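Chemist: using only what follows, build the 3D model:
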Amino acid sequence: MKKLLCFGLVLLQLNPVFSQFGKIDTVDCTPSQYIITTYLADAQTLALRQIFVSQDIYKDSVQIPSSHYAPILRDLQGIYEAGLPQITDSIFNIYNIHTYQDPDMTEFDLSVDTNYVWVKNWLATNLVSGNDTIDLLMSKYNLIMQGATIFIGNEADISIWTGSYLNLAPLEKEFKRVSGVLQASDGLSYIDGSNITMNDSGAFKEYIFTFAFGDCPSGCMGHHSWKFRVYPGCLVEYMRSFGTPLPLQSAIEEVGPQNLFSVFPNPSNGTFSIRSSDVISSLKVSDILGQTLAESRPGISEVQFQEDKKGIYFLTVTTDKGTATQKLFINY
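Modeler: Numbering: from 1, shown residues only. This is a model prediction of the structure:
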């Protein structure tokens with residue numbers, strides 16, 4: 001049986017600062033299990049990048065110290081909980097933005113001389129080489145031989161998987177000291193894609209989340225970014241978004257000066273109110289595929305459409321300042 005959803009529209013005059021742009025929030029930055037599980041690798045990647053940039057003493061350490069990536073996890077939790085669901089939902093859920101693997105921290109290749117006995121043993125067993133240094137490194141860092149390619153002559157390429165995020169530069173140096181190892185390299189070549197970047201100014205850390213789309217990864221045609229600043233004491237400030245317009249017509253857009261409307265309560269049982277600083281000329285409700293389910297004309301204060309499933313929908317509002325879209329959660 002179809003259920004009738006009624007959207008009651010209440011137009012209230014608000015100060016434009018309601019947009020939350022430039023708003024600084026203090027939140028609980030204790031990393032949740034979700035952030036730890038989902039963004040630990042990102043925090044370690046960002047920490048290693050910063051170690052290289054600052055020439056930190058840990059640049060020669062294979063393990064990334066928790067003292068360097070734990071604060072980044074806290075910052076990511078702060079951004080996630082900063083009270084900006086229209087923005088953070090795009091970053092963490094819709095587009096699922098993560099760091100690009102630069103530098104590579106999970107896999108590298110060894111070129112070895114097959115004339116060495118330990119190389120022959122290793123290629124035959126995939127487990128123990130008989131070379132004390134090689135076997136110690138493999139055990140100490142929980143490394144795994146993924147595969148090997150043997151060439152005509154006396155050379156073979158061995159692929160090593162780390163199983164965790166490591167600083168490969170000093171690890172590769174340790175392997176290259178072993179007689180019989182010709183080369184050790186991650187072999188990473190940059191391919192365009194989504195990314196998270198961090199810059200530590202001293203006074204604050206600036207995070208930019210970038211969603212890349214269109215002919216990725218060979219050469220993305222579009223990049224849309226969101227910028228935040230995180231200050232000491234877990235103060236989170238959303239700065240702005242910029243770049244190519246988002247590719248999905250039904251994609252959620254952040255509340256900002258170009259939008260100037262909010263919808264509440266959200267989630268809802270189907271009745272919503274709208275706040276706007278401008279006169280709304282039209283609105284429509286669409287599903288996640290972009291199909292219009294209902295729309296109104298100027299002067300109409302109620303929209304009705306029939307739908308028998310709870311889920312996610314999108315409300316698009318047009319004023320004389322432009323058009324903006326926000327996500328609606330039906331939960332009944």
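Chemist: what's the biggest helix by length in the chain packed up against?
Modeler: The longest helix of the chain (DSSP state H) is helix 33-54. Using 3 or more CB pairs under 8 Å, 6 or more residues apart in numbering; DSSP states H and E as the contact test, the elements touching helix 33-54 are helix 66-80, strand 195-200. Bear in mind the C-beta positions are built from the backbone N, C-alpha and C, glycine included.
Chemist: which one of those lies nearest to residue 274?
Modeler: Nearest of the helices and strands packed on helix 33-54 to residue 274, taken as CB to CB: helix 66-80 at 26.0 Å.
Chemist: elements contacting that closest one?
Modeler: helix 33-54, strand 205-213, strand 222-231.
Chemist: with mean pLDDT, mean neighbour count and distance to residue 164 as new columns, can these be given to me in JSON lines?
Modeler: Output for those, formatted as JSON lines (pLDDT from 0 to 100; neighbours: other CB atoms under 10 Å; distance: least, CB to CB, whole Å):
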{"stretch": "helix 33-54", "mean pLDDT": "94", "mean neighbour count": "18", "distance to residue 164": "9"}
{"stretch": "strand 205-213", "mean pLDDT": "94", "mean neighbour count": "21", "distance to residue 164": "23"}
{"stretch": "strand 222-231", "mean pLDDT": "92", "mean neighbour count": "20", "distance to residue 164": "26"}
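Chemist: from residue 294, how far out is the closest residue to residue 261 other than its chain neighbours?
Modeler: In space, residue 261 comes closest to residue 276 once its chain neighbours are excluded; the distance is 4.1 Å by CB to CB, 6 or more residues apart in numbering. Counting by CB to CB, to the nearest Å, the gap from residue 276 to residue 294 is 18 Å.
Chemist: likewise residue 54?
Modeler: Taking CB to CB, one finds residue 54 at 54 Å from residue 294.
Chemist: got it, and residue 91?
Modeler: 29 Å.
Chemist: next one: residue 324
Modeler: Distance from residue 324 to residue 294, by CB to CB: 17 Å.
Chemist: now do residue 283
Modeler: 9 Å.
Chemist: one step back: more crowded one of residue 91 and residue 294?
Modeler: residue 91 (24 against 17; other CB atoms under 10 Å).
Chemist: contact partners for the nearest residue to that one once chain neighbours are set aside?
Modeler: Among residues not flanking residue 91 along the chain, residue 209 sits closest, at 4.8 Å (CB to CB, 6+ apart). By CB atoms under 8 Å, 6 or more residues apart in numbering, the contact set of residue 209 is 91, 97, 196, 225, 226, 228.
Chemist: next, give me the two most distant ones among these.
Modeler: 97 and 228 (12.3 Å).
Chemist: what packs against the helix or strand encompassing residue 314?
Modeler: For residue 314, the host element (DSSP states H and E) is strand 311-319. Here strand 311-319 touches strand 261-264, strand 273-276, strand 280-286, strand 322-330, going by 3+ CB pairs under 8 Å, 6+ apart.
Chemist: if we go to 6 Å?
Modeler: strand 280-286, strand 322-330 (3 or more CB pairs under 6 Å, 6 or more residues apart in numbering; DSSP states H and E).
Chemist: and of the ones you listed, who's closest to residue 105?
Modeler: Nearest of the helices and strands packed on strand 311-319 (CB to CB): strand 322-330, 34.0 Å.
Chemist: other SSEs contacting the closest one?
Modeler: Partner elements for strand 322-330 (3+ CB pairs under 6 Å, 6+ apart): strand 311-319.
Chemist: relative to the strand it packs on, what are the paired strands and their orientations?
Modeler: Sheet pairing of strand 311-319 (DSSP bridges) gives strand 280-286 (antiparallel), strand 322-330 (antiparallel).
Chemist: show residues contacting that strand.
Modeler: Residues outside strand 311-319 that contact it (CB atoms under 6 Å, 6 or more residues apart in numbering) are 250, 261, 263, 278, 280-288, 324-328, 330.
Chemist: all set, thanks.
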